[in-house]
Every structure is written in structure tokens, then in C-alpha cells.
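**Q** Mind folding the following:
(one chain, ligands or ions: 1)
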Amino acid sequence: EFGDGKGKAERMFGLMDVFLKNDPITLQKDILDHVEFTVAKSRFNFDDFEAYQALAHCVRDRLIERWHDTQIHFSKKDPKRLYFLSLEFLMGRSLSNSVINLGIRDQFADALSQLGFEFEVLAEQEGDACLGNGGLARLSACQMDSLATLDYPAIGYGLRYQYGLFRQVILDGFQHEQPDYWLNFGNPWEIERVHITYTVKFYGTVTDEVLNGEKYKVWVPGEMVEAVAYDNPIPGYGTRNTIDLRLWAAKPSDQHDMEAYNTGDYVDAVVNRQRAESISSLLYPDDRSYQGKELRLKQQYFFVSASVQDIIRRFKDKHKNFDEFPEKVALQLNDTHPSLAIAEVMRVLLDEEHLGRKRAWDIVCKIFSFTTHTVSTDALEKIPVDLMGSLLPRHLQIIYDINFNFMEELKKMIGLDYDRLARMSIVEEGAVKNIRMANMSIICSHTVNGVSRLHSELLKTKLFKDFYELWPHKFHYKTNGVTQRRWIVVSNPSLCALISKWLGTEAWIRDIDLLIGLRAHVTNAKLHQEWKMVKKVNKVRLAEYIETMSGLKVSLDAMFDVQTKRMHEYKRQLLNILGIIHRYDCIKNMNKNDRKKVVPRVCIIGGKAAPGYEMAKKIIKLCHVVGEKINKDNDIGDLLKLVFIPDYNVSVAELVIPGADLSQHLSTAGHEASGTSSMKYLMNGCLLLATEDGSTIEMIEEIGKENMFLFGAKVDETAALREKGPALKVPLQFLRVVRMIRDGHFGLKDYFQSLCDKIEGENDYFLLGADFASYLEAQAAADKAFVDEERWTKMSILSAAGSGRFSSDRTIQEYAEKTWRIQPCRCNS
Ligand code: Z16
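**A** Here you go, the predicted model:
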């Protein structure tokens, strides 16, 4: 890794000028060289996309340079490393983020303008890397940015899907899914490592063997697949540190099925080999339901096995035995998706390293930490035992073994409470036996983290109560955060400049606590003026996008009221739509004079529904039919518009969030583990209309109730409301609005009946009826505040100023100090 000997290194340094240069002349030359030699176009004739490609490669060179320095530095220092295991990373675009973090955005912009190109225009050429579903996946991406920026020696591991999350296309108001074959145009942000490969085994049988008088298990696999590493450099901001996100792709193994070759059917054998690639072919688009699919389990094990081999190889490069393993390795499980890593580490230590059960178990217990992202039992992953036994026979044995020992220990501690024993067992008994991945993760991790304080309380009192009572010390929380680099600096350059100007420093980009400094100027008229200008600029940008996308012209004087997130019943997009119908109905019934007092609104909704989630898809269709009716109603004009933004993803979010005046976070209390979109809106000075759920509760502490529009039942009130059932008082307006849908006011009468059934009477599990009156009050309060421009601007400034706690830098620092126990390792060269 270090080259061979001093002489060679010296000769190398003599040849190059140490670092790549970033003056405009060098950059222009480098870009043109990439046009000619990488993109293979004439330097006198290339279009925007080709310019983007050349530019991207130019940035890539600089990333690789720092990446090397960082890896060599880490390798020399051999610090304890964090291995962040996640099946999903929602990275979005890389160009702007990279040049900003490298600190060379302006130099590139200059160089490009001299070549006749505009940086912004080229940046728009890049497609999103959508290797994840939603909040959980974007959280991983934000956390990678913070890990790099804070100089932590960390590596992310995941899967290099060939198809990212489906593209959402709306046809006649219905969602259709299209495959996202995102690698079609090449991916300059990854480095293929043809020599970093590991063999991953599946199926087969386990036999007993004796070695030096000791009995060992030997797994004879039935199938082998090769994992190839693709490294994605993640640059930190204000540091040379550039860390690695290593994604694995499946390739046929040479050992795959030698049998087939011997039978003589060469063509069939080669075609069959190719099927190995299907393991990393696609991302599952359901964000919280598990169907016990074999391919999904294969994906989980594939990426876990390759990562664990890589981790152990790296450790063994520097250490003679496993004594120091727990002092050098921290493994973070992002939800239960990578939790097979527990059984895999156990298997390697037992069957391959022959450490013996006690030592292996001792190591496992010291290295894993687990973060859970859900509040609902239904969302907890379960793997049918039969499936596990056929795909991973040795792992099933190990899991049974861990469970047996745990059950024995547990009996000693709690006695023969069979109900509780059954609840805590890793194995769920029943018609189909299942492995409960969450139970395994809790039992084998030293720490279990929730993603907000409320979430953690719910874990302790409900979801994992039995475990909390047994091991209270294991349970913690690290409230989620998002990175201000992407969510302010990249996506909202005007706000970024304004903040730096008023704080007199750019240091807040690394040290978010400084944002509080804005409070000192909260009544300053000049700041108000500039703040409103920034919002205007972003609203113009969003309005233009809406117009090109839907042909709809929207008024910039209207309040831009936005709800963007995955479509889910618990997130209650339906409540939003019912509120819009109510507003429409009210305006229709007003006289001219009253209409003058109406605050004009542009309601914007965006989000994908899981392809198999009927109700979520109906909500999308409802949004479209209601929007159609309202937007075509000339009598209403600019007073109300409803827009659905199709294919909501990271790059669309970067455009929508800065342009929002108000954002809605409507989950029924107790259902959103944290919520992270609210943090992005908050940082961008957007006001929040929200229930007291997830991380919103902590926002109240930072921003103050008086600067937010809160509504709805609190978490400890929901159970009583549900119990009331039919006796629950629901406002007349609610019944009226639901009736309008039922009666076919917006068409598709029959299609929407089932949707209406779900929110009426006892079926209204998510309490839309119960919260409706309070929701309308909060909306009215928002209208009132919006009319008072000065008050609104003040609230907006205070929202951004108080958002510091919700930076992923804070989250990561807490994880590093309290859970992973890792130290920064800054590369200065
Ligand atoms: C997901 O994005 C989340 C939870 C989950 O079980 C599965 C997926 Cl794909 C979300 C939570 O819903 C959200 O509250 C939280 O902020 C986010 O994970 C990150 O923790």
C-alpha cells in the first residue's frame, strides 16, 4: 500500500508537483484533457453533458488524491475504526457537494466560465444516485458527510444496486414505476476495484470435522458468488480527510458451478453464471414491509459477508491475533438489515479462526451497536426459519445457539415466565417459524439507539420493553440530524451567503452551533429585507420548476405550503388533502369581500408510494383529482392551487425545500420515529406545521412553541381517543369533506370508497377525524402569521437560527463519543 521502499517514493514525488493544482488555468487544462482522453470528444466540440463528465472526472482526480492520503494516514495510525453497515445510501448528486467540500467551487466556476460554460448548468446534468428509499437512507448519506468532516476513521459499506429506487411517473394521476438504470451513462464517482473481491457462499450443508482433536463445523456451500468493491470517496468539508463508501457488486465466481461445465452444456452454464449478478441488481422499494423474499436475504448476506471479510482482512494486516479486535473495530448496524453480520462474525471467528465459543461470543458482544428506525412492531424484520436454513444453514445453527444460551441465561434471571421468554426469544414460534432480527440485534449489541428522544421512550416502554427491563443500560438515543453542507450550502447558496455575511464567518458550515448567532439580529430591518429576498429567489426557482413540469403558473405572493415525504397512511398526506378540500369549499362559499381576506396558497405535495401499497397510491390519485378540480376553477384563481411534484428525490428536494414558506409534518403522534425532512426545512427558514411527534418535540425546545404551528393529539392521548371508537366526536367539517369524496365530487366515486372507509368511525386508526379541528386551527394560525410579514420573517429567522441541534455533525459526535468510542484521525498532509 505504501509503495516499495523509500527510493521509489522519492522518485514519485520528484515527478509530480505533490498536489493537483486548482488555479483556473490548470483546471481548464485538466477539464479539456478529460474531454479529450476520458470522454473522448474533440476539445472543440462537446456538449453540456460531456462537459459535465469531464468536469466530474477532474473532481474525481482530486477526490482520489485526498482519498489516498487519508487511507495511508489511517493505515499508519491504525485507530479504532467505525464500520457503518447500511443496505441503503441515498446520495443524490455528487458534483456540487464534492467541489464545495473540497473548497474549490469558485475556482471551478471561474475555469468553466472562461471555457464558456456555467457551473450550475453542468451540475444539472448529473443524475441522482438513489440507492435507498427515504429517511433512513438519506440519514446514512448525511452521516457519511459528517463522519468525513469530523475526521473520524470510518468506512461505509453497502450494496451497489444497478437499479436504484424506481422513478415515479404520473399518468392520468396514477403512479407508475419505471426502472432507474442509473449506471447507463457511467458513474465517475466510483472507483472499481477489480482486485478487491471476496467469495460469498450460499446454500449447501454443514458437516462436522475434527482438527487437532477439536470438533469443528464446516460449511460446504452449494453456490458461490464474487463480491467486487466499488469505492465512493466521501470528502469532508474544511479537511483533507476523504473517507470511503465501499459498495459491493455481485459477479459470477470462477468457482460458481464447475459441475455444469463438466456436463458439457457450455452455453447454458455461462448463461446461468450470469444470474449471480442479480443479487446486486435492484433496491427493494418497500420502505418498511418485509415479505420474506429469498433475493432480499441474499442481498443482506452478500453485502454483510463481503464487508466482514474486508474488515477482518484489514485487521489481520496489522495484528497477529484477535486480542485487540474490540479496541480496533466498531460495527454499526443501520436498522436490522445488516444484522446477519452478527452471525457472520461469530461464524468466521468460530469456524475459520477457531477462537472457541467463549472468546468469539465475548468479541461479538463488544463490537456491535444497533440503531432502530421504527416505532411499529409490524415493521420489524422477520426471516422465515426455512428460508434461513436453506440459504444459510450454518448461520441458522449459530443463531439457534446464541438463542439457546440467551434463553438459559434469561431463565436464571426472570424465572419461568414463559410468555416473556417467548416474546424475547430470537425464534418466533407459530405456523411459520421466524427469526426476529431485532431481538437478535438487541441481544448481541452493546448499545441500542433510537433516533429521537420520544422514539427512545417508546422503545423502552412499548416495542422493546422486555429488553429494556433486562438491560436498561443498553438503551440510548441519538436524535437524527442532517448535514448543513448539502441542505444549506449546496441547495441554498443565497441563504448560505447571507448567513455567512451576518455571522461574519463561514465557520458555521463546520460548527453549526454558531447559527444561534442569527438570533442577535432577529429584529434587524436590513436582515429582514435580505432574508425575504433570499426566500423570493428560491420561490422563483421553485415556481419555474412547477411551471415547466406541470404548465401551472403559481403566484409568488401565495404561501408555498409543502409536504414532501414517502406516502404513508401514518404520515397523513390525506389529512393535508382533506384540509385543502375544506379550504376550497370555504372559499367557494365566500362572498367577494371575504375572499379578499383569504391568504393565497400554493399547496405542494410530493412523495413516492411503495409499488404494492394500495392506499398510498390512492392518496396520490386523490391528490391529482382534487388538484385538477381546484386548479381549473377560474373562480378560485390564485387563492388556492394544489400541485403534485412527481418523482420526489434528493435533487428535487434541494430545489423544493429552500422555496417553501411552510412545511407540514402530520404523522399521528407516536408513529414517526424521528423525521428528518423537518430538519432540512427548518434550516432553510421554513416554518413548521406539525404534530408533537418524533424529533418535533425536540424542535419545540429549540425554536419555541410560539414559532411553530403545532396541533393534534399528543402521544399519550392517542390510545384513549382510539378506544372511544364510534363515540369519538368528529367535527362536522370533516364528515362533510369525506362525504364530498364519497359522493364523487372529484370523480372516481367507487375507487375512493375504500380510502374513505379507512378514516371513518372506528376504522380511523390514524385519528384524522380526531385531529381535524385542531389541524384547521393550526392552518388558520399560519394564515394569520403569514399576513404579518415582519412576524413571519422573524419566525423564519428563528427557525433557522435554532436548527443547530439537528445537524448530523452533532449526531455523529454523540455516536462517536458515547457508542462507538472512536477518536478523530485528521490527515494533514
Ligand atoms: C425509513 O426511512 C425509516 C424507518 C423505517 O423503518 C424504514 C425506513 Cl426505509 C425512517 C423513519 O420513518 C423516520 O422517522 C426517520 O427519521 C428515518 O427513518 C431516519 O431515522
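**Q** Distance from the chain centre to the helix or strand hosting Phe49, please.
**A** Using DSSP states H and E, Phe49 maps to helix 48-77. Centroid separation for helix 48-77 versus its chain: 24 Å, with C-alpha atoms, centre = their mean, to the nearest Å.
**Q** how about the next helix or strand after it against the ligand, any contact?
**A** Remark: after helix 48-77, the chain's next helix or strand is strand 81-85, criterion DSSP H and E. No - applying C-beta under 6 Å from any ligand atom, one finds strand 81-85 out of contact with the ligand, separated by at least 13.7 Å. Placement of C-beta: from N, CA and C, glycine included.
**Q** same for the helix or strand that comes right after strand 81-85, what does it pack against?
**A** Using DSSP H and E, the helix or strand that follows strand 81-85 towards the C-terminus is strand 89-92. Under the contact criterion of 3 or more C-beta pairs under 8 Å, 6 or more residues apart in numbering; DSSP states H and E, strand 89-92 touches strand 129-131, helix 135-149, strand 242-252, helix 650-656.
**Q** Which one of the ones you listed lies nearest to the ligand?
**A** Closest approach to the ligand among those is made by helix 135-149 (3.0 Å; C-beta to the nearest ligand atom).
**Q** check whether that closest one contacts the ligand.
**A** Yes - with C-beta under 6 Å from any ligand atom as the criterion, the ligand is reached by helix 135-149 at Gly135, Leu136, Leu139.
**Q** any idea how far Gly761 is from the residue of the chain most remote from its centre?
**A** Most distant from the centre of the chain: Gly213, at 49.4 Å, with distances by C-alpha atoms, centre = their mean. Remark: distance between Gly213 and Gly761 (C-beta to C-beta, to the nearest Å) = 71 Å.
**Q** And the ligand, is stretch 471-480 touching that?
**A** Yes - contact of stretch 471-480 with the ligand (C-beta under 6 Å from any ligand atom) involves Asn480.
**Q** distance of Glu654 from Pro824?
**A** Distance from Glu654 to Pro824, by C-beta to C-beta: 29 Å.
**Q** which of the two has more neighbours?
**A** Taking other C-beta atoms under 10 Å, Glu654 and Pro824 do not tie; Glu654 has more neighbours (19 against 14).
**Q** if we can go back for a sec, any chance of TSV for the helices and strands packed on strand 89-92, columns mean pLDDT and distance to Val643?
**A** Listed next are the helices and strands packed on strand 89-92 as TSV, based on pLDDT from 0 to 100; distance: least, C-beta to C-beta, whole Å:
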stretch	mean pLDDT	distance to Val643
strand 129-131	98	22
helix 135-149	98	23
strand 242-252	98	34
helix 650-656	98	10
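**Q** Is it possible to get a markdown table of those that adds distance to Leu115?
**A** Formatted as a markdown table, the helices and strands packed on strand 89-92 follow (distance: least, C-beta to C-beta, whole Å):
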| stretch | distance to Leu115 |
| --- | --- |
| strand 129-131 | 26 |
| helix 135-149 | 29 |
| strand 242-252 | 26 |
| helix 650-656 | 24 |
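**Q** Looking at these, which is nearest to Val271?
**A** strand 242-252 (10.5 Å; C-beta to C-beta).
**Q** circling back to that earlier point, now do the helix holding Phe49 against strand 81-85: the angle between them, please.
**A** 140 degrees (axes from the mean of the first three to the mean of the last three C-alpha atoms, to 10 degrees).
**Q** so what does helix 48-77 touch, helix or strand wise?
**A** So helix 48-77, by 3+ C-beta pairs under 8 Å, 6+ apart, packs with helix 24-33, helix 95-102, helix 105-114, helix 119-123, strand 223-235, strand 242-252.
**Q** Make a markdown table from those and add mean neighbour count and distance to Val432 to it.
**A** As requested, those are arranged in a markdown table below (neighbours: other C-beta atoms under 10 Å; distance: least, C-beta to C-beta, whole Å):
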| stretch | mean neighbour count | distance to Val432 |
| --- | --- | --- |
| helix 24-33 | 18 | 58 |
| helix 95-102 | 24 | 44 |
| helix 105-114 | 18 | 54 |
| helix 119-123 | 17 | 50 |
| strand 223-235 | 23 | 24 |
| strand 242-252 | 24 | 28 |
